[in-house]
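S.K.: From the sequence below, what's the structure:
(one chain, ligands or ions: 1)
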Amino acid sequence: MRPAGRFVGEVLTELSHRVDVGTNLLELDQIAHEMIRDRGATSCYIDYHPSFGASPFGKVLCTSVNDAVLHGLPHDYTLVDGDVLSVDFACAVDGWVADSAITVIVGTPRPEDEALIKVTQDALQAGIEAAQPGNKLGDISFAIALVATKAGLKINTDFGGHGVGRTMHGDPHVPNNGRRGRGLPLRPGLVIAIEPWFAHGTDKIYTDPDGWTLRSRDGSRGAHSEHTIAVTEDGPLVLTERR
Ligand code: MG
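M.R.: I've put the predicted structure just below:
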């Protein structure tokens with residue numbers, strides 16, 4: 001699964017360099033599309049059509065801007081100064097999937113947005129550090145939640161991390177809040193995506209009329225940090241590391 005993880009990291013690094021005032025979300029999707037084609041990889045998103053979706057997703061990235069917190073369907077929108085953009089990307093290389101997400105600020109940052117992004121990164125790091133063989137799944141969830149609650153954030157447990165393998169979403173669900181010492185034992189070989197996401201003011205969300213994009217109910221901005229990691233005998237290994 002290392003080649004898939006490395007490629008997903010490369011795509012997110014490239015996209016983060018392309019994000020600027022004046023960049024259109026559809027341009028970012030196009031760049032990722034071309035990178036997928038050149039690598040001979042397979043998008044996990046473009047044909048994704050779960051029961052709740054009105055139609056196949058049709059794009060290769062999720063681009064969630066400001067009050068869009070997850071699953072943002074790329075549309076004809078040009079980024080402006082101060083926007084907060086989360087990019088979530090998953091694809092398969094040689095039949096194995098990796099999944100990762102970053103949040104970046106466009107142009108001039110608002111301090112509170114920088115702080116929110118830092119909390120999601122710290123929560124992700126805490127979750128990764130808890131992914132030790134012999135620990136339980138609940139240790140990861142607990143570690144994430146501890147960082148978030150210390151920062152005064154509310155936690156939505158409907159959407160969180162998940163098992164990753166031949167497909168993008170497998171068991172187990174990895175919620176962003178849970179009980180220490182409970183749940184599935186973590187054994188070497190388990191590969192999961194850990195993905196804390198939070199909004200400034202609420203854990204409540206609603207679905208945009210586009211049928212995909214999830215927005216915070218109070219309009220506050222969100223941030224999202226995700227890595228695919230493997231539990232190994234030597235501890236957690238981040239497969240989607242960016243260089
Ligand atoms: Mg993802």
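
S.K.: Name the residues of the protein found near the ion, please.
M.R.: 88, 99, 101, 226 (C-beta under 5 Å from the ion). In this view, the C-beta of every residue, glycine as well, is placed from N, C-alpha and C.

S.K.: May I have the residues that are in contact with residue 217?
M.R.: 202, 204, 205, 206 (C-beta atoms under 8 Å, 6 or more residues apart in numbering).

S.K.: sorry, back to before: just the buried ones from the residues of the chain next to the ion, in PyMOL syntax?
M.R.: Buried residues among the residues of the chain next to the ion (16 or more other C-beta atoms under 10 Å), as a PyMOL selection:
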select buried, resi 88+99+101+226
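
S.K.: just checking, which of the residues of the chain next to the ion belong to strands?
M.R.: Using DSSP state E, 88, 99, 101 are the members of those that sit in strands.

S.K.: which one among the residues you listed gets closest to residue 75?
M.R.: residue 88 (15.2 Å; C-beta to C-beta).

S.K.: so that closest one touches residue 98, yeah?
M.R.: No: between residue 88 and residue 98 there is no contact under C-beta atoms under 8 Å: 11.9 Å.

S.K.: For the protein, give me the ranges with low pLDDT.
M.R.: Applying pLDDT under 70 to the chain picks out no residues at all.

S.K.: For it, which segments are assigned as helices?
M.R.: For the chain, helices defined by DSSP state H occupy the ranges 2-18, 25-39, 111-129, 137-150.

S.K.: And the last one, what's buried?
M.R.: In terms of neighbour count (16+ other C-beta under 10 Å), helix 137-150 has its buried residues at 137, 138, 139, 140, 141, 142, 143, 144, 145, 146, 147, 148.

S.K.: again with the second one
M.R.: Applying a neighbour-count criterion of 16+ other C-beta under 10 Å, the buried positions in helix 25-39 are 25, 26, 27, 28, 29, 31, 32, 33, 35, 36.

S.K.: any idea how far that helix is from the chain center?
M.R.: 18 Å (C-alpha atoms, centre = their mean, to the nearest Å).

S.K.: next one: the shortest one
M.R.: Taking the mean of its C-alpha atoms, helix 137-150 sits 16 Å from the chain's own mean (C-alpha atoms, centre = their mean).

S.K.: number of nearby residues for residue 17?
M.R.: 10 (other C-beta atoms under 10 Å).

S.K.: ok, residue 65 touching residue 85?
M.R.: Yes: at 5.4 Å, residue 65 counts as touching residue 85 under the criterion of C-beta under 8 Å.

S.K.: Which one of the two is surrounded by more residues?
M.R.: residue 85 (24 against 21).

S.K.: Let me see the contact set for that one.
M.R.: By C-beta under 8 Å, 6+ apart, the neighbours of residue 85 are 19, 63, 64, 65, 79, 103, 104, 105, 106.

S.K.: gap between it and the ion?
M.R.: Distance, residue 85 to the ion, using C-beta to the ion, to the nearest Å: 15 Å.

S.K.: What distance do you get for that residue to residue 63?
M.R.: 6 Å (C-beta to C-beta, to the nearest Å).
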